[in-house]
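# The following block contains a protein sequence and its predicted model.
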Amino acid sequence: MTRTKEAWLKFIATRIVGIIVDAFIVGVAYLSAFILRFDFGEPVSIGGWSAVAKSYVVVAAVYLIALLLLGCYRFAWRRINFGELPRYALAAMLACIVLTLMRYFMPNVTLSHIRPPYSITVICFFLSFAGIVSVRYLWRFYNAFGRKEAELLSRDEKTFDNSIAARFFSGRTVMVTGAGGTIGSEIVRQVAAAGASRILMVERCENALYEIDRDMRSQAKSASLIPLMVDINDATKMTEIFKSENPSVVLHAAAYKHVPMVELNPDEGWRNNTEATRSIAKIALDNGVERFVLISTDKAVNPVSVMGKTKLAAEKAIMELEGTTSFCAVRFGNVFGSSGSVVPLFRSQISRREPVTVTHPDMRRYFMTIQEAVSLVLQAASRSEKAIYTLDMGESVNILSLAEGMISQAGYRPYVDIPIVFTGIRPGEKLFEELDISEKSAYRTDMAKIYITKAD
């Protein structure tokens, strides 16, 4: 059975359940209307409870048809919002008008089973509308409570004891390159929380630097924040900064990360990812930096893309340096929700109800949350060995399943409300990224889930 067919079958099944629930709600509202109108007594004047039961069938049918005509069954309940309330109000009002007209044009008492009293129709209108909307909102809140996109990783989020890292960063001057990016900005926040005395925020994008600087200052962090709008490729300027500011730790997050873009611009990718890293690492060594951490990627493992090759070359460049500075690299997969991952793309496409684009139905990727990634960086920085670190990220995630899950979480139906189209693997992409932490490829450290990659 195809995914599209499964989606349609699920849609039909859920809508049948929805109709049954709505029929029950109308029934409760209709019964309550009689109870309120007749002071909890039996409505003998219209034939008793048996007549009420007969007329309920007509009332329920009118309400369900009105809901159907007004499009109330088009979307999942968990997607209901205030903008859709008029749709439900109009449906209930339409049902009320139809039932009122039936009472008016069918005065014959023998037709009482299809002509409820005016007062009952009005009371039922208010109760039915309130009940139908309330149940939908309760279902929406139930589904939304505690649900995060990161739950789609199909594994528990890793947590780390950052007390060692906090002791390491306390009172230090720390340089963070790429400080305005998704990872860099979170590193700045966590390093500040760890007690660093000064943070050198290096970022060439003015707006990104402005945003992280404003955000940090609004939080009244104790660390002294120094925003530096500098291109990491400017060796002269970077040397001046190292000499004047004297950082003891460098967390190097600045890089080009989009595989297709670097594939189309290989020279620039090499210059920014490899040469700039080599340059900054040498400057750090010459200026007595204690610890230098390179943020790397799983794409550096047996790379086929230009981006992966530039990051592998950057790793080798820092590992070749000898001196008092301790160099290391941290490899991890895609950061969930970062500007370079598929998550913002899917989120944008879903919000506009556009087709969600997936390169291949079998494509899989390793994902980390931003918190996991930064925790790993802080843990690695607090260690002393020259090494390439890798995080045990569990099982890789099927990108198609991720897209389906995000569509469902948004309250839409994959393949029904929002189609999924396959665009084909782009140059430089793999179906599966490699991140081997087996005994033949990595050593286990004394820190949970952190491994040291063995030399080739």
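Right, received. Where do you want to start?
# Pull the contacting residues for residue 76.
14, 411-413 (Cβ atoms under 8 Å, 6 or more residues apart in numbering). The way it works is simple: take the backbone N, C-alpha and C, and place the C-beta from them, glycine included.
# Go again with 7 Å.
411-413 (Cβ atoms under 7 Å, 6 or more residues apart in numbering).
# Likewise for residue 377?
Per Cβ under 7 Å, 6+ apart, neighbours of residue 377: 187, 251, 293, 295, 330.
# Which ones among those map onto helices?
Judged by DSSP state H, the contacts of residue 377 include residue 187 as members of helices.
# Might you specify the subset of the contacts of residue 377 located within strands?
251, 293, 295, 330 (DSSP state E).
# from the residues you listed, which has minimum pLDDT?
Ranked by pLDDT, the ones in strands among the contacts of residue 377 bottom out at residue 330 (89).
# Quick check, that one in contact with residue 297.
No. Contact criterion Cβ atoms under 7 Å: residue 330 and residue 297 do not qualify, at 9.4 Å.
# Looking at these two, which one has more neighbours?
residue 297 (30 against 26; other Cβ atoms under 10 Å).
# Can you get me a residue count around the residue lying closest to residue 362 once chain neighbours are set aside?
Of all residues not flanking residue 362 in the chain, residue 431 sits nearest, at 5.8 Å (Cβ to Cβ, 6 or more residues apart in numbering). Neighbourhood size, residue 431 [other Cβ under 10 Å]: 12.
# what's the spacing between residue 431 and residue 184?
29 Å (Cβ to Cβ, to the nearest Å).
# One more: residue 208?
8 Å.
# Please apply the same query to residue 391.
For residue 391, the distance to residue 184 - Cβ to Cβ - is 18 Å.
# got it, and residue 170?
21 Å.
# Pick out whichever of these two has more residues nearby.
Taking other Cβ under 10 Å, residue 170 and residue 184 do not tie; residue 184 has more neighbours (26 against 11).
# mind checking how far the helix or strand containing that one is from the chain centre?
Using DSSP states H and E, residue 184 sits within helix 182-193. With Cα atoms, centre = their mean, to the nearest Å as the basis, helix 182-193 stands 19 Å off its chain's centre.
# ok, residue 63 - how many residues close by?
Residues lying near residue 63 (other Cβ under 10 Å) number 29.
# quick one: contacts for it?
26, 95, 128 are the contacts of residue 63 under Cβ under 7 Å, 6+ apart.
# Now do the SS call for it.
helix (DSSP: H, G, I helix; E, B strand; the rest coil).
# now it: how far from residue 292?
69 Å.
# what does residue 40 give?
From residue 40 to residue 292 the distance is 79 Å (Cβ to Cβ).
# Please apply the same query to residue 117.
82 Å.
# Then residue 26?
Taken as Cβ to Cβ, the span from residue 26 to residue 292 is 68 Å.
# now residue 164
From residue 164 to residue 292 the distance is 18 Å (Cβ to Cβ).
# Which one's more surrounded, those two?
residue 292 (26 against 14).
# quick one: pLDDT of that one?
Reported pLDDT for residue 292: 97.
# The helix or strand hosting residue 96: what's the following helix or strand?
In the assignment (DSSP H and E), residue 96 maps to helix 85-105. Using DSSP H and E, the helix or strand that directly follows helix 85-105 along the chain is helix 118-144.
# Pull the helix or strand following that following helix out as PDB, backbone CA atoms only.
Sequence-wise, the next helix or strand downstream of helix 118-144 (DSSP H and E) is helix 163-169. Taking C-alpha atoms only, helix 163-169 is exported to PDB below (Å, rounded to 0.1, in the frame of the first residue of the first chain):
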ATOM      1  CA  SER A 163      29.700  21.000  35.700                       C
ATOM      2  CA  ILE A 164      33.200  20.100  34.500                       C
ATOM      3  CA  ALA A 165      32.700  22.400  31.500                       C
ATOM      4  CA  ALA A 166      31.500  25.200  33.800                       C
ATOM      5  CA  ARG A 167      34.600  24.900  36.000                       C
ATOM      6  CA  PHE A 168      36.700  25.000  32.800                       C
ATOM      7  CA  PHE A 169      35.100  28.200  31.400                       C
END
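# what's the offset of helix 163-169 from the middle of its chain?
Using Cα atoms, centre = their mean, the offset of helix 163-169 from its chain centre is 29 Å.
# so what's the closest residue to residue 133 other than its chain neighbours up against?
Leaving aside its chain neighbours, residue 133 sits nearest to residue 88 (5.4 Å; criterion: Cβ to Cβ, 6+ apart). By Cβ under 7 Å, 6+ apart, the contact list for residue 88 reads 72, 129, 132-133.
# how about 10 Å then?
66-67, 70, 72, 80, 128-130, 132-133, 136 (Cβ atoms under 10 Å, 6 or more residues apart in numbering).
# Who are the contact partners of residue 121?
Residue 121 touches 30, 33, 59, 62, 95-100, 102-103, 115, counting by Cβ under 10 Å, 6+ apart.
# redo that, cut-off 8 Å
96, 99-100, 103.
# could you dump the residues you listed to a markdown table with distance to residue 345 and neighbour count?
Formatted as a markdown table, those follow (distance: Cβ to Cβ, whole Å; neighbours: other Cβ atoms under 10 Å):
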| residue | distance to residue 345 | neighbour count |
| --- | --- | --- |
| 96 | 45 | 21 |
| 99 | 48 | 26 |
| 100 | 51 | 16 |
| 103 | 55 | 18 |
